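here is a sequence with its predicted model. Questions after.
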Amino acid sequence: MPNRLPDDPRLRRLVGAQLSRRNILMGAGGLSLAGLLAACGTGGTGTTSNGPAGEPAVAEDLSAAEKEVNWANWTLYLDYDDQAQNYPSLEAFTAATGIAANYSEDIDGNDTYFGKVQAQLAAGQDIGQDVITLTDWMTARLIRLGYTQELNHANIPNAANLLPTLKKVDFDPGRKNSLTWQSGFAGIAWNKEAVPGGLKTVADLWKPELKGRVEVLDEMRDTMGLMLLERGVDISGDWGSDEFSNALDDLTKQISDGQIRQVKGNSYKEDLISGDALAVMCWSGDITQLNFENGDKWEFALPDAGGTLWSDNLMVPVGAPHKANAEALMDFYYDPKNAATVAAYVNYICPVQGAREAMEKIDPELVENPLIFPSDECLAKSHVFRSLSADEETDFTNRFQKAIGN
Amino acid sequence: MSLLTAPRSAKAKPEETRSASEIRADKRRGRVGYLLILPGFIFMLLFFVLPVFSLLATSLYTKPPGADIGQFVPALQFSNYAAVLGSYWPELVRSFAFALIATVAALAIGYPMAYLVAVRLRGRKLLQGILLVLIIAPFFTSFILRTQAWKQILADEGPVVAVLRAMALLPEDGRLTATAFAVVCGLTYNFLPFMTLPIYANLERLDTRLIEAGGDLYANSFTTFRTVTLPLSMPGVIAGTLLTFIPASGDYINAALLGNNQNTTMIGQVIDSRFFRVVDYPGASALSFVLMLAILFLVILYVRRFGTKELL
């Protein structure tokens, strides 16, 4: 007998919805228990029952009525005035546009931030931020999942200043949904006193005299990127599971031999200071900062086989109600003058053309800093880790986590 | 508890001697008892039972074919449990082993401390107060900061390692941080106040005349301790060991900061990595649920064997 649905359209919708959910559960059996569990599970955890096809709906833009923009960023990632306790460039933005900017250092890791906001993004809710700043691979994931809004480039004329190398990225063709905030290198660094000869390759990290004093990053793409490059793999190009497995075997061997002391995030800096770590895989900006604070003790280099180049990107999350204001903010920071102000403070690679010339006026010494304005030679030695498909990402992350003991 | 048992004990009175008003008062007392536990009951329902249900539900979710990262659908995928247990039983066992060693160590350090303050220094209020503050003082600074400080103190280039090497207690290339030893020490140190305080609270009420009586009956001090003091302080010991063992088994800060990547990974780190890194919500939930059940099981065994009836 065919299903008889009620005549009232509202009732019909309700019953229909119930039936379709029931169909999903039928296969699993245990109807009532599963129904109860399902009702509980979706509400209380970061999971979504949207399924692959369901993309969240984009929020209405209230920018014209509400002159504000909320921006989530990482720590120490925007020029800060200790005395005035404000961000001078943000003040200038508000003065120029009349849009109040609420800046928060909410992001302390791509994974943890994703874990925190994913359920809301999947439901198309406002996460309280109009601009978020995340690394390439997480940017790729958010765009793929439909968690970002398409930018109107007519509102961001300065976006034309984006460095040509960053205009074409495989995760966001035409940069429709994201713009680079800052970039940086992952390479190797060593304690100049303990390792007088310096290090040239990743293989140099495995010297017997460094046993138990080497640390590598817990960001899979940086550590595995360096391991893959050492094996001669072009990480931007065409490689797959076999190459990954080989490079992962190399890493596993160094961990189980005790050559690698720990696999760490940002906290490798403390181990460099305490002397527990003498050589590390690390991020370029950190070493500049460490040398500045603790005397010129460490040296950073891209390995001969090459280092990785990563970028953090500005995006407008799907539920954000102030897209036009967010675009005004992006346009402001793509003005070379403002970009140079930020670069002079954060010491990362500036993605804006013309900022180098603008820097002459702010701090002529920084114009020659290769970590802010890298030479072509430097850029030629750095490589972008290619985008992974969802299945690859899950598989590789899983195996990498297993290899580092998790 | 006493509120609930009150009406029952009153029933001991022969029924015919009780007036109607007495019975009514009894009933009212019973209702008041239930009303009084209502806030606690609602709290537990909202913040314990519902989250546990949600956890259980998520642990049975499945990833439909073609789903992207973080996309799961409700199901009854019991194989999630088999998968995570198959992969991570060593970390689970290790967590309990570390927690057990840390609990025993904390008991060995914490009991004498509590005994000194509560029994030996009884009457010397000022000294007692100072020592109690010293026991609690670590709580004034963050747990992570203190562990971080230990990392610096025990560093390879630090004074402790230098002295130990000079005394040949540690081989030339030996180290203290990034070892299993450091993780267990960190657990012991961080949970020590949770062991000491309940034992202190218990021993503080100990009637010292009983110890004197032990002496009067020709028991030496060890026998008196074994047969009088220790049995009387068991509720404190049980509470202290539970308060240490349970959080220590799920802890991951100590293992993350003081451990390495070969042989110190605890289950908390795995759950964190499954949840945030791999975005395997069902796997992370299944592991959390297993951890909870395993702890519950171990605690029941323990309390059955050693415990007072009040806890079960």
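Structure's in. What do you need?

okay, CA-based contacts and neighbour counts for the rest of this
Noted.

could you look up the SS state of the closest residue to chain A within chain B?
Relative to chain A, the nearest point of chain B is B:S54 (4.3 Å; CA to the nearest CA). Secondary structure, DSSP: H, G, I helix; E, B strand; the rest coil: B:S54 is helix.

what pLDDT does it get?
Listed pLDDT for B:S54 reads 95.

cool, A:D7 as well?
For A:D7, pLDDT reads 53.

I figured B:F276 hits A:K116, correct?
No - in this structure B:F276 lies outside contact range of A:K116 using CA atoms under 8 Å: 9.1 Å.

any residue of the helix or strand B:I238 falls within up close to chain A?
Element membership of B:I238 [criterion: DSSP states H and E] is helix B:230-250. No - if you take CA under 8 Å from any CA of the partner chain as the test, helix B:230-250 misses chain A, and the best it gets is 14.3 Å.

which of B:F276 and A:K116 has more neighbours?
B:F276 (20 against 14; other CA atoms under 10 Å in any protein chain shown).

quick check: the more buried one is in a helix.
Yes - B:F276: assigned to a helix according to three-state DSSP.

now stretch A:140-160, how far from the chain's geometric center?
The chain centroid and the centroid of stretch A:140-160 are separated by 15 Å under CA atoms, centre = their mean, to the nearest Å.

sorry, that was for stretch B:144-164
Distance, centroid of stretch B:144-164 to centroid of chain: 26 Å (CA atoms, centre = their mean).

and stretch A:253-262, by the same measure?
Counting by CA atoms, centre = their mean, stretch A:253-262 comes out at 27 Å from the chain centroid.

got the buried residues for that stretch?
A:Q254, A:I255, A:S256, A:G258, A:Q259, A:I260, A:R261, A:Q262 (16 or more other CA atoms under 10 Å in any protein chain shown).

how far away is B:R146 from B:I153?
11 Å (CA to CA, to the nearest Å).

same deal with A:G258?
22 Å.

burial measure for the residue lying closest to A:R356 once chain neighbours are set aside, as a count.
The shortest distance from A:R356 to any non-neighbouring residue, by CA to CA, 6 or more residues apart in numbering or on different chains, is to A:V367 (6.1 Å). Look at A:V367: counted by other CA under 10 Å, it has 21 neighbours.

below-threshold pLDDT in the stretch 1-150 of chain B: ranges please.
By pLDDT under 70, the weakly predicted segments of the stretch 1-150 of chain B are B:1-17.

mind running it again at 50?
Within the stretch 1-150 of chain B, the ranges that satisfy pLDDT under 50 run B:1-12.

interface residues of it facing chain A?
So the stretch 1-150 of chain B meets chain A at B:50-51, B:53-58, B:64, B:66-77 (CA under 8 Å from any CA).

run the last query once more with 7 Å
B:51, B:53-55, B:57-58, B:66-76 (CA under 7 Å from any CA of the partner chain).

any idea how far stretch A:162-169 is from the middle of the chain?
Distance, centroid of stretch A:162-169 to centroid of chain: 17 Å (CA atoms, centre = their mean).

outside of it, which residues touch it?
A:G174, A:R175, A:P351, A:V352, A:Q353 (CA atoms under 7 Å, 6 or more residues apart in numbering or on different chains).

redo that, cut-off 8 Å
A:G174, A:R175, A:T180, A:Y334, A:P351, A:V352, A:Q353 (CA atoms under 8 Å, 6 or more residues apart in numbering or on different chains).

domain boundaries for chain B, per the record?
B:1-59, B:82-311 (automatic domain parsing).
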